[in-house]
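[1] Return a 3D structure for these sequence lines:
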Amino acid sequence: MLPPEPPPLPALTRAEGELIDRYLEVLDLLGRINPARGGHTYSGLRAAQALVGKAAGLRDALTLMHDRGESELHHDTLARALRVLDGERRAQLVTLPPGER
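    Have a look, this model is predicted:
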């Protein structure tokens, strides 16, 4: 039996799609660097090195949107796209894991 079909992505402009892709790449790298999640220093170092280029890609995506006159982020649509692309789970890797107070 096949897993259920994920919901379709909402309609995005090419620039919005690029923004979402670059944002998720940055999010994934920040999750790999998160010291509260453990791991090895070398993998964190490699992720930090890659973060520079991915952050530039994110900047470029936002610059493109601005240059094209897309002055507002349609947060409801972009949030739906992030949810379809597993953004909630990926964002949790950036936060502190549940633990003692």
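
[2] next helix or strand past the host helix or strand of Thr63?
    Assigned by DSSP states H and E, Thr63 belongs to helix 41-67. As assigned by DSSP H and E, the chain's next helix or strand after helix 41-67 is helix 75-84.

[3] related to what we said a few turns ago, which elements pack onto the helix holding Thr63?
    helix 14-33 (3 or more CB pairs under 8 Å, 6 or more residues apart in numbering; DSSP states H and E). To be clear about C-beta, it is placed using only N, CA and C from the backbone, and glycine gets the same treatment.

[4] Could you check the helix or strand hosting Arg90 and say which residues are buried?
    Using DSSP H and E, Arg90 falls within helix 87-92. Neighbour-count burial for helix 87-92, counted by 16 or more other CB atoms under 10 Å, picks out Gly87, Arg90, Ala91.

[5] Apart from its neighbours in sequence, what residue is nearest the last one?
    Taking CB to CB, 6 or more residues apart in numbering as the measure, Ala91 lies nearest to Leu27, with 6.0 Å between them; neighbours along the chain are not counted.

[6] Is there a neighbour count for that neighbour? I'd like the number.
    19 (other CB atoms under 10 Å).

[7] cool, and Ile20?
    Residues near Ile20, counting by other CB under 10 Å: 20.
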